[in-house]
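**Student:** one predicted model, sequence on top.
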Amino acid sequence: MSKFEALTGNDAVATAMRQINPDVMAAYPITPQTSTVQKFADFVADGLVDTEFICVESEHSAMSACVGASAAGARVMTATSANGLALMWEIVYIAASNRCPIAMSLVNRALSAPINIHCDHSDVMGIRDSGWIILFSENGQEAYDNIIQAIRIGEHPDVLLPVAVCQDGFITSHSLERVEIFDDADVKAFVGEYKPRWPLLDLEHPKTYGPLDFYDYYYEHKRQQVEAMEHAQGVILEVADEFNRKFNHNYGLFESYRLEDAEVAVIAVNSTAGTIKVVVDQLRDEGLKVGLLKPRVFRPFPARELVDALSHLKAVAVMDRSVSFGAMDNAGPLFLELVAALAFHGVHVPVADYVYGLGGRDILPGEIERVYRDALKVAETGRVERMVTYLSVRE
Amino acid sequence: MATKLTPKELSKRPERLSPGHRLCAGCGATIIVRQILAAIDEPVIIANATGCLEVGTTIYPYTAWRVPWIHNAFENAASTISGVEAAYRSMVRQGKIPEQNIKFLAFAGDGGTYDIGIQALSGAVERGHQFLYICYDNGAYMNTGIQRSSATPYGAHTTTSPAGKVIPGKQQFRKDLTAIMAAHNIPYVAQAAPSQWRDLMKKTRKAVDCGGPAFMNVLSSCNRGWRHGTDETIEITQLAVDTCYWPLYEVEDGEWRLTYKPKKKRPVEEWLKRQGRFRHVFKPENRHMIDELQAEVDRRWERLLRLCGES
């Protein structure tokens, strides 16, 4: 039997980590992730997990130790935010390229400078081409559910890739909410035992990890990484299907909220999607045909499926909590990839981008309503006046 | 019974680093690695920092390593092996794998240790992982083409501290990394050289059996950077020892001990003149640099003698 607890997003993830009981955890404190590892340290100190908890001297060493432990054959987890992820960056790529199925709780926070501890998505967008699977979570429940599924996804023999599970710093990580916590035994059974295929600790069959790899093989290894990403989408759906059946939740590549008969939709990830649902309900009460599409899986990017889900719309607005400086019109990464997908698949839906919430700036229902009203206008005229709009910023 | 440290007995042991790798003739690193691996009877797992030893032994799809081996990046051999070692302890404790008395080793050059890797090394030994970190110190970034590191001797020509018309080579004395590691108060720290192979092998055994983190700094000639013949490696290494530029000692549970005291301490000039990288310091206008290096070698040697209770 599952039970409901009042937990912060970080405590929900730490609880999942206790239930997963990884062989090794290596992490370094950074706001707003810190309370996850603090909580996990309690579990270690109280003997509730078998984990070897490595309190490293930096995030760079956290990811380095994770790679070593994963190559050794261990189930490995970590957690970080913002600058911590940036410091890891070199080894983030190496982890994916060495096909180490590490699971990371990534509590999204704005990158410096200026230094800021609050939420935006500039940290995760910096690793979007690194070869990690990236999942977004609207709330603590989803962060909890996603981190449990991340173990199965990453370790799948057809995938063998690291997985980052995102939640919004402070907004989710530090807010108490009602979280359904499954039975320890059920989570244990769901994640199962990790059976590493090529562990360094197999002394009878010595392996060389991380050799020099030139123009004669490097390219093939990168192609294999692409193949793993190609497999990942199917595996994510398989794992979600099993999870949904076992725990009676409803995960897929993305969530559609009142989208089917909608004429306009907003696309947004993480906690803002929750606020958007409230606005959708209000506008629906006015008789406006509005909906929401909330991507859960950002890597691999489910282009075809997103296009199919959006093709009936008259206008779409993307909400980006980060900026891709110097990109087309300085738009956000979610927008850029989505318009590329629509264009490639020959679907013409007018799309506008709304950058919001950088450095933790609040996003209020009124602003979201404005986004919908803009989109409804675009639906009428068929024309996007501005590609990128900055919500609630002093300009 | 441990294998006797005699050439006859050691030659019967299978090589763990196979021939056929692409390191240079006369490279100090491979001599050191083979001596260290021959000294250890137990199974080993190795983490290797980016550098000559890594690139020269593992050009895909080939590997010269007959033992489990991992290269992660340049600065993180210590944190990588700490992850491997933690995985081992965790999985043994849980009964997932049998206990096997594995010796965990990390190999890195001076660039990967003194400079870019010092933080990861300091952190890993402070955490108390059971591993032996070996720095093969050839005094420059040899793999990228002989750039100065904080281990480069005073006066040496490197490609980033060239002997120019105004600045005659490297202007700073070497960082004393062995002393820095001793200051971590770990069970075992040593300085060694492959020219004294039995000393190096004994230290290796003490290091892997010390029950905690251990560090060895081993002088490693690079004939491309030092500029000498490929057949002079051991001789020139021993000159560094006999001039007391590279004293052999160990710090065991905080006790400093000289493991070799030259009968006659030779002038550092004798070591310098055998290497092309110091040619410019023998010009009349630069000879003062030899005196300055000699004074620094003397000062550090005297300090070491005091620490070892020899003065």
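**Tutor:** Perfect, I can see it now.

**Student:** neighbours around residue 48, how many?
**Tutor:** Answering for chain A, as no chain was given. 14 (other CB atoms under 10 Å in any protein chain shown). Bear in mind the C-beta positions are built from the backbone N, C-alpha and C, glycine included.

**Student:** not quite, I wanted chain B
**Tutor:** The local packing count at B:Asn48 equals 29, with neighbours defined by other CB under 10 Å.

**Student:** excluding its backbone neighbours, what's nearest the residue in the stretch 201-311 of chain B that chain A sits nearest to?
**Tutor:** Closest to chain A within the stretch 201-311 of chain B is B:Pro213: 13.4 Å, counting by CB to the nearest CB. On the basis of CB to CB, 6 or more residues apart in numbering or on different chains, the spatially nearest residue to B:Pro213 that is not a chain neighbour turns out to be B:Val125, at 4.0 Å.

**Student:** just to revisit the earlier point, quick one: contacts for the residue of the stretch 201-311 of chain B closest to chain A?
**Tutor:** Taking CB atoms under 8 Å, 6 or more residues apart in numbering or on different chains, we find B:Pro213 in contact with B:124-125, B:128-133, B:184, B:186-187.

**Student:** re earlier: give me the neighbour count for the residue nearest to B:Pro213.
**Tutor:** Every residue meeting other CB under 10 Å relative to B:Val125 is counted, giving 23.

**Student:** would you mark the buried spots in the particular helix or strand that has it in it?
**Tutor:** Under DSSP states H and E, the secondary-structure element containing B:Val125 is helix B:118-126. Neighbour-count burial for helix B:118-126 flags B:118-125 (criterion: 16 or more other CB atoms under 10 Å in any protein chain shown).

**Student:** kindly export the strand or helix carrying A:Asp11 (C-alpha atoms) in PDB.
**Tutor:** Remark: A:Asp11 resides in helix A:9-20, with elements defined by DSSP H and E. Below are the C-alpha coordinates for helix A:9-20, written out as PDB (Å, rounded to 0.1, in the frame of the first residue of the first chain):
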ATOM      1  CA  GLY A   9      10.300  18.000  -3.800                       C
ATOM      2  CA  ASN A  10      13.800  17.400  -2.500                       C
ATOM      3  CA  ASP A  11      12.600  15.200   0.300                       C
ATOM      4  CA  ALA A  12      10.400  13.300  -2.100                       C
ATOM      5  CA  VAL A  13      13.500  12.600  -4.300                       C
ATOM      6  CA  ALA A  14      15.600  11.700  -1.300                       C
ATOM      7  CA  THR A  15      12.900   9.200  -0.300                       C
ATOM      8  CA  ALA A  16      13.000   7.700  -3.700                       C
ATOM      9  CA  MET A  17      16.700   7.500  -3.400                       C
ATOM     10  CA  ARG A  18      16.400   5.600  -0.100                       C
ATOM     11  CA  GLN A  19      13.900   3.200  -1.700                       C
ATOM     12  CA  ILE A  20      16.200   2.700  -4.700                       C
END
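
**Student:** please see if it touches chain B.
**Tutor:** No. Against chain B, helix A:9-20 shows no contacts by CB under 8 Å from any CB of the partner chain, the least distance being 13.4 Å.

**Student:** and B:Lys103, its phi and psi?
**Tutor:** Torsion angles at B:Lys103 (phi, psi; degrees, to the nearest 10) stand at phi -100, psi 120.

**Student:** fine, thanks again, bye for now.
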